[in-house]
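# Predicted model, plus sequence, below.
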Amino acid sequence: MQKIELELIALSHSVTQTQNYAVVLGEVNGNRRLPIVIGGFEAQAIAVIMERMNPNRPLTHDLFKNTLNAYNIDIKEVIINDLVEGIFYSKVICDHEGDIVEMDSRTSDALAMAVRFNCPIYTYEFILEGAGVIMDELEDSELSQKSKVISSSSVSYEKYSSEDLNKLLNKVIAEEDYEKAAKIRDEINKRK
């Protein structure tokens with residue numbers, strides 16, 4: 001089967017499942033999108049990398065990456081290889097000194113690792129046909145603008161002083177609430 005390359009387009013709250021998030025993957029050189037519902041922890045693990053945040057302690061996916069690096073194992077690609085009853089299945093393809101190893105993975109974890117290793121993400125035609133959606137350019141542009149960063153809070157940080165924002169940013173990072181940290185950081189950056 002021919003692989004179709006995908007790229008991470010957006011990450012946002014899930015419309016259908018309020019406690020979860022949706023990651024939207026887009027077909028490279030195409031207009032099909034593959035929305036996948038994932039849990040909050042995995043969404044946070046992806047958002048930290050997308051937003052170039054540096055948590056003060058490693059997240060679980062960072063620990064796994066560090067372990068793989070310590071043993072000279074590189075993730076070459078992630079393949080979303082099956083869709084059964086609405087559940088996506090994935091494989092993480094690893095290279096250990098020339099030996100290729102395929103590992104079964106939850107898709108959300110595979111995506112969190114793919115962003116850490118900056119490796120390609122692939123799927124197959126039957127998965128895009130079964131779960132993909134076609135977006136026109138206007139919808140796609142709106143999705144990218146609205147959903148790049150996830151946020152669990154509707155708090156407006158505009159009323160805070162710059163000094164208070166910096167203190168609050170340090171506090172939420174220490175609490176490992178990277179979703180709020182991204183929103184606070186954005187407000188700080190708007191003021192520069």
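Okay, I see it.

# what residues does the helix or strand hosting Thr67 touch?
According to DSSP states H and E, Thr67 maps onto helix 60-70. Identification of contacts with helix 60-70 by Cβ atoms under 8 Å, 6 or more residues apart in numbering yields Phe41, Ala45, Pro55, Pro58, Asp74, Ile75, Cys94, Asp109, Ala112, Met113, Arg116, Phe117. (Each C-beta comes from the backbone N, C-alpha and C, glycine too.)

# Which residue ranges of the protein form helices?
For the chain, the helices defined by DSSP state H occupy 40-50, 60-70, 107-117, 125-131, 137-147, 162-174, 178-190.

# would you turn these into JSON lines with mean neighbour count, distance to Glu5 and mean pLDDT?
Shown next, in JSON lines, are the helices of the chain (neighbours: other Cβ atoms under 10 Å; distance: least, Cβ to Cβ, whole Å; pLDDT from 0 to 100):
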{"stretch": "helix 40-50", "mean neighbour count": "21", "distance to Glu5": "18", "mean pLDDT": "89"}
{"stretch": "helix 60-70", "mean neighbour count": "14", "distance to Glu5": "22", "mean pLDDT": "95"}
{"stretch": "helix 107-117", "mean neighbour count": "23", "distance to Glu5": "12", "mean pLDDT": "96"}
{"stretch": "helix 125-131", "mean neighbour count": "15", "distance to Glu5": "11", "mean pLDDT": "93"}
{"stretch": "helix 137-147", "mean neighbour count": "12", "distance to Glu5": "17", "mean pLDDT": "49"}
{"stretch": "helix 162-174", "mean neighbour count": "14", "distance to Glu5": "34", "mean pLDDT": "75"}
{"stretch": "helix 178-190", "mean neighbour count": "18", "distance to Glu5": "27", "mean pLDDT": "75"}
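
# So for Met1, which of these sits nearest?
Proximity to Met1 (Cβ to Cβ) singles out helix 125-131 among those, at 7.4 Å.

# Counting by contacts, list what that closest one packs against.
strand 32-38, strand 73-84 (3 or more Cβ pairs under 8 Å, 6 or more residues apart in numbering; DSSP states H and E).

# what's the most buried one of those?
Among the helices and strands packed on helix 125-131, the stretch with the highest mean neighbour count (mean count of other Cβ atoms under 10 Å) is strand 32-38, at a mean of 20.

# per-residue pLDDT, Arg57?
What the model reports for Arg57 is a pLDDT of 88.

# how many other residues sit next to it?
9 (other Cβ atoms under 10 Å).

# same thing with Asn20?
16.

# Was I right to think it contacts Gln44?
No. Applying Cβ atoms under 8 Å as the test, Asn20 and Gln44 come out as separate, 12.0 Å apart.

# Report the separation between the residue most central in space within the chain and Arg185.
Central residue of the chain (Cα atoms, centre = their mean): Ile46, 3.3 Å from the mean position. As judged by Cβ to Cβ, to the nearest Å, Ile46 and Arg185 stand 17 Å apart.
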